[in-house]
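Asker: fold the following for me, if possible:
(one chain, ligands or ions: 1)
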Amino acid sequence: MKITKQIKIRDVLVGGGAPIAVQSMTNTDTRDAKATLAQIRALADAGCDIVRCAVPDMQAAEALREICANSPLPVVADIHFDYRLALAAIESGVDKIRLNPGNIGGADRVQAVVKAAKERHLPIRIGVNSGSVEKHILEKFGGPTPEAMVESALYHVGLLNDCDFDDICISIKSSSVPNTMQAYLLASEKTDYPLHLGVTEAGTEYMGTIKSAAGIGGLLALGVGDTIRVSLTDDPVKEVYAAKAILKAVGRAEEGINVVSCPTCGRTRINLIDIAKEVEQRCQSIRGKKMKVAVMGCVVNGPGEAREADLGIAGGDGVGLIFRRGEIIKKVPQEQLVDALMDEIAHYEGE
Ligand code: SF4
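Answerer: From the prediction side, this is the model:
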């Protein structure tokens, strides 16, 4: 795992070996502080660590004052082009700014934003995507290639470094999974700043989750990435669930129940599909535990196949087994199997 420079967003550490922080973005009108705060609270309940709000105008920058004062999560202001919105958002109390310094109209403006960010110890995320690469870089590389996106990010980094600013995080997103992965791998070679991973315009819940799992999950599995945002054309709470599932899948979740289940076969004599869904759903909200739970379709092979699970169930004909690390600890009537498993999970204290 690559150890990057560490930054701090309110009380959340990113990079430097800190746990991978989950981010999302509100899709309410930021000017409506009440609705935005309600969504932020829902995101926090789902397990989000950092939230970003779009700041399209001064009214939105003003509304951030109420949002930041009441948000349970650190708030990032998403700014495009207008440095006055960045200054107003900082004034309103945001915890981080997302902006590309090359797009705000000159060195004196960059200097003004950097000065305000420095005074309040606020990091800045540079967010490059395939559509934002500068003309001269596109010409040099013949298009928004991974190399072009990285060069663009480093160009913006250079502008901040010129102002003696180092509290930086970088994202380099493309809607192409291979391009996203190549760009982040290259960026990881070239810089030690923490990387915010994401696949942009990933799509609706199903394809967006798959693309994000492939891109974000693939990079995390290779040891690259410090914070993640799954982008979905859907309720942002679903982004948080997807992000947390990706962290579980690549073994980077700090807590949570990793439910594994067999694919069923001709030996299955129970409705394993519904049972697995119920277990997964009931485990989703459990906090403060980190364990692996197996849901297996038969008593003959289930406990053995899922030997590495902390706890598991195996369904038979009328009865089911509960096992711990492959050892059978209980036999219960099948209709009590899920309740009995949940009870074991609640009392499980680890090995
Ligand atoms: Fe089939 Fe049993 Fe293996 Fe499930 S655990 S796939 S039911 S053999």
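Asker: burial of residue 55, as a residue count?
Answerer: Other residues within reach of residue 55, judged by other Cβ atoms under 10 Å, total 29. (C-beta placed from N, C-alpha, C; glycine too.)
Asker: quick one, what contacts it?
Answerer: By Cβ atoms under 8 Å, 6 or more residues apart in numbering, the residues touching residue 55 are 30, 61, 64, 77-79, 85-86, 88-89.
Asker: let's see which of those end up in strands.
Answerer: 77-78 (DSSP state E).
Asker: next to the ligand, which bits of the stretch 201-350 of the chain? Give me the list.
Answerer: 262-265, 267-268, 296-298, 301-302, 305 (Cβ under 6 Å from any ligand atom).
Asker: in strands, which of the residues you listed fall?
Answerer: Those of those lying in strands (DSSP E): residue 296.
Asker: show me which residues of stretch 319-339 are buried.
Answerer: Within stretch 319-339, the residues that count as buried by 16 or more other Cβ atoms under 10 Å are 320-324, 332, 334, 337-338.
Asker: okay, and which of those residues map to helices?
Answerer: Counting by DSSP state H, those place 337-338 in helices.
Asker: determine which two of the buried residues of stretch 319-339 are furthest apart.
Answerer: Farthest-apart pair in these is 324 and 334; separation 19.0 Å (Cβ to Cβ).
Asker: quick revisit: including distance to residue 25, neighbour count and pLDDT, could the residues of the stretch 201-350 of the chain next to the ligand go into CSV?
Answerer: Putting those into CSV (distance: Cβ to Cβ, whole Å; neighbours: other Cβ atoms under 10 Å; pLDDT from 0 to 100) gives the following:
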residue, distance to residue 25, neighbour count, pLDDT
262, 37, 21, 95
263, 35, 8, 94
264, 38, 16, 93
265, 42, 10, 94
267, 45, 13, 91
268, 41, 17, 91
296, 38, 28, 95
297, 39, 27, 93
298, 44, 22, 92
301, 44, 14, 86
302, 41, 28, 86
305, 40, 18, 84
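Asker: filter the residues of the stretch 201-350 of the chain next to the ligand down to the ones in helices?
Answerer: 302, 305.
Asker: now the residues of the stretch 201-350 of the chain next to the ligand in TSV, with distance to residue 102?
Answerer: As requested, those are exported to TSV (distance: Cβ to Cβ, whole Å):
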residue	distance to residue 102
262	52
263	50
264	54
265	57
267	61
268	58
296	54
297	56
298	60
301	59
302	57
305	54
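Asker: these two touch, right, residue 116 and residue 87?
Answerer: Yes - using Cβ atoms under 8 Å as the test, residue 116 is close enough to residue 87 to be in contact (5.6 Å).
Asker: quick check: longest helix of this protein.
Answerer: Ranking each helix of the chain by length (DSSP H) puts helix 146-162 first.
Asker: give me phi/psi at the closest residue to residue 308 other than its chain neighbours?
Answerer: Take residue 308 and drop its neighbours on the chain: the residue closest to it by Cβ to Cβ, 6 or more residues apart in numbering is residue 292, 7.0 Å away. Main-chain torsions, residue 292, degrees, to the nearest 10: phi -110, psi 130.
Asker: any idea what residue 292 is bridged to?
Answerer: Here residue 292 sits in beta bridges with residue 258, as judged by DSSP bridges.
Asker: and it, what pLDDT?
Answerer: At residue 292, the model reports a pLDDT of 93.
Asker: what's the helix or strand for residue 42?
Answerer: Element membership of residue 42, judged by DSSP states H and E, is helix 33-46.
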